[in-house]
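K.L.:
How does the following fold in three dimensions:
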Amino acid sequence: MYRYYTKGVCAKSILMDIEDEVIKDVVFEGGCAGNLIALKYFVEGKKIDEIIEHLENIPCMNRGTSCPDQLANALKIYKEYVLKKE
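P.N.:
As a prediction, the model looks like this:
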């Protein structure tokens, strides 16, 4: 399980189970429950690169980021430091 502490959003952290560059499970701690449950079902079973492509730079209000954007950031960091890919 990989945990990413979010910045600038209501969710405090994101827990992810990743296997062979595919999201097996994702849980947001805090945030807008309904939206984040929907996001969970959208990303499970998808490859990391596909998720990043679709979710990065999505804003929430005037925050300059969002929970989907934070998930994309978490996956970019995972790729760089855990998988050693850029």
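K.L.:
where does residue 85 sit relative to residue 75, distance-wise?
P.N.:
Distance, residue 85 to residue 75, by CB to CB, to the nearest Å: 11 Å. (Each C-beta comes from the backbone N, C-alpha and C, glycine too.)
K.L.:
Going by how many neighbours each has, rank those two and give me the top one.
P.N.:
Higher neighbour count among residue 85 and residue 75: residue 75, with 28 against 12, using other CB atoms under 10 Å.
K.L.:
and the nearest residue to that one once chain neighbours are set aside, how many residues sit next to it?
P.N.:
Closest residue to residue 75 apart from its sequence neighbours, by CB to CB, 6 or more residues apart in numbering: residue 48 at 4.9 Å. Neighbour count of residue 48, defined by other CB under 10 Å: 22.
K.L.:
so what's residue 48 up against?
P.N.:
Shown in contact with residue 48 (CB atoms under 8 Å, 6 or more residues apart in numbering): 18, 21, 22, 23, 75, 78, 79.
K.L.:
quick one: which of these is nearest to residue 57?
P.N.:
The nearest member of the contacts of residue 48 to residue 57, counting by CB to CB, is residue 75 at 13.4 Å.
K.L.:
Assess the claim that that closest one and residue 54 are in contact.
P.N.:
No - contact criterion CB atoms under 8 Å: residue 75 and residue 54 do not qualify, at 11.0 Å.
K.L.:
hey, which helix or strand in this protein has the poorest pLDDT?
P.N.:
helix 33-43 (a mean of 94; mean pLDDT, DSSP states H and E).
K.L.:
tell me what that one is packed against?
P.N.:
strand 22-29, helix 67-77 (3 or more CB pairs under 8 Å, 6 or more residues apart in numbering; DSSP states H and E).
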